[in-house]
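Chemist: Would you be able to build a 3D model of this:
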Amino acid sequence: MLRNRNHRAPLTAVTIAIVATVTIALTSVTFIGGAPAGAAATGKATEIGVDTSSVHVAVIADVDNPIAPGVFKGVVDGAQAAAKYVNANGGVAGGRKLVVDFIDSHLNPTQVRNAVITACGQDVAMVATATALFSGLEDMVGCKDQAGAATGLPDIGAIVLGTPEACAATSYPVTPAMIDCATVGKVPQTYRVQQGQYVYFVAHSAKLHGPVIRTSDSPDATRSTDVSIKAAEHAGITVTATPSQSNRDPQSAYTSIINQMKQDGSNFADNGLAAPGAILIRQEAALQGLTDPKIVWSCTSACYDQQQMAAAGSVMDGEYMPLGFLPFAEAKSNKTLAAFVKYVGKDNLSAFAVYGWTAVLAFREAADTASKGAGGLTRASLLTGLQGLHAFDANGMTGKVDIGAKVPSSCFVLIQWSKSAFHRVYPTKTGTFDCATKNRYTFDADLTTP
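Modeler: Modelled structure (predicted):
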């Protein structure tokens, strides 16, 4: 069941573009079966957003806006589909129906804050949050519960672009920040990052060297690429240059980068851009004749987009992408993935939809645990339930992640685009991940100073 409570106030000026570097390593949740289908809810209304028959959650996401139209629509698609799935399989918190109150934040910080205030007054939690210009942190952590206590509004974010939201006391994103929240504000900070794909590249190619293109659309986006640069270097790749580019840049912005790769004899290039930017890089490389199949081209799972990759044609052949979830083509290997494909629909499959889907399943797990306590499902008991989520994998659909401790996953699958399709490269067995501890690189550095 969906309730659309869109705020339509005029857009304020927005000066940054949306970035898609949030998909370096998609983290995960485990789906725990709740009450059997058709079970009736019991008990009384225990909290704002919780009554005897339903549980309301707010999905706040940037969708309708003139700068990046539909940017996080995939997250909403995934969250809506997951709610339908949950309701078809026993509901939540003792058989209650899960109701999604979608609030479009329109890529506008004022409307994000309005959305948080609205959610505080009508929903038990924020789930699958996906906003590039998050504001309202004080409204979230200071939100009063039904008893009048400033318990805070639980936030199970799908895409959390900023450190303040990711590290807030009531925030438990399914994509934990790469920074160790305990070190925020310190010098140096501690970071945890997936390096599995780089280890694989080094093991299968000789003396890799070349640029890593940083994203310049926001400080947090830039920092995420800087963390990846550290991981590539630690794995043994020589990073020869770190040019900064925006997702708004035209193909001509990459001319000098490709020209330098040709001069240096580079055999490696990585970037943290969204799919359109990654495609422009390869198109410029093709224009300049840099087409050696031995070159390792890599981008984040933001490039896991069948339509955009197919539209680019053979120019993207050979592009690698690490995923934190099983490829969609492997639905037969995992029941939760099969349900995701069924409920989301083949035309709406995307990495962002996975974020929205898993955020809802994380909420269900924590809410089911919270509802079993003496006080039933409340914001306070939900926060306690979230703190206990330490090994989520959506029954094998995604790699395990410690949401409770806000630690990213060490699991990954490496895929490659060729001949108009995505192909699993590593590990080779369908339905599996490489979850070795060595895949997570932890280091100290000060990446907050420009």
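Chemist: What residues sit buried inside stretch 69-83?
Modeler: Going by neighbour count (16 or more other C-beta atoms under 10 Å), the buried part of stretch 69-83 is 71-83. Every C-beta, even on glycine, is put in place using the N, C-alpha and C of the backbone.
Chemist: quick one: the helices in the chain?
Modeler: For the chain, the helices defined by DSSP state H occupy 73-88, 109-122, 137-141, 163-166, 196-204, 219-235, 255-264, 275-287, 306-312, 335-344, 351-371, 379-387.
Chemist: Quick check: which of those helices is nearest to Trp417?
Modeler: helix 306-312 (5.3 Å; C-beta to C-beta).
Chemist: what helices or strands is that closest one leaning on?
Modeler: helix 275-287 (3 or more C-beta pairs under 8 Å, 6 or more residues apart in numbering; DSSP states H and E).
Chemist: could you give the angle of the helix it packs on to helix 255-264?
Modeler: 50 degrees (axes from the mean of the first three to the mean of the last three C-alpha atoms, to 10 degrees).
Chemist: Output the contacting helices and strands for helix 275-287.
Modeler: helix 255-264, strand 268-271, strand 296-299, helix 306-312.
Chemist: In a markdown table: these, plus mean pLDDT and distance to Ser171.
Modeler: Formatted as a markdown table, these follow (pLDDT from 0 to 100; distance: least, C-beta to C-beta, whole Å):
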| stretch | mean pLDDT | distance to Ser171 |
| --- | --- | --- |
| helix 255-264 | 98 | 36 |
| strand 268-271 | 97 | 28 |
| strand 296-299 | 97 | 27 |
| helix 306-312 | 92 | 31 |
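Chemist: need these in a markdown table with mean neighbour count, can you?
Modeler: Output for the helices and strands packed on helix 275-287, formatted as a markdown table (neighbours: other C-beta atoms under 10 Å):
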| stretch | mean neighbour count |
| --- | --- |
| helix 255-264 | 15 |
| strand 268-271 | 26 |
| strand 296-299 | 24 |
| helix 306-312 | 16 |
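Chemist: Quick check: which of these is nearest to Phe352?
Modeler: Closest among the helices and strands packed on helix 275-287, once you apply C-beta to C-beta, is helix 306-312, at 12.9 Å.
Chemist: Please report how far the closest residue to Lys332 other than its chain neighbours lies from Pro276.
Modeler: Here the nearest residue to Lys332 in space, its sequence neighbours aside, is Ala338; by C-beta to C-beta, 6 or more residues apart in numbering that works out to 6.8 Å. From Ala338 over to Pro276 the distance is 30 Å, taken as C-beta to C-beta, to the nearest Å.
Chemist: now Gly236
Modeler: 30 Å.
Chemist: May I have the residues that are in contact with Pro176?
Modeler: Counting by C-beta atoms under 8 Å, 6 or more residues apart in numbering, Pro176 touches Thr27, Ala166, Val401, Asp402, Ile403, Lys406, Val407, Pro408.
Chemist: Good, wrapping up.
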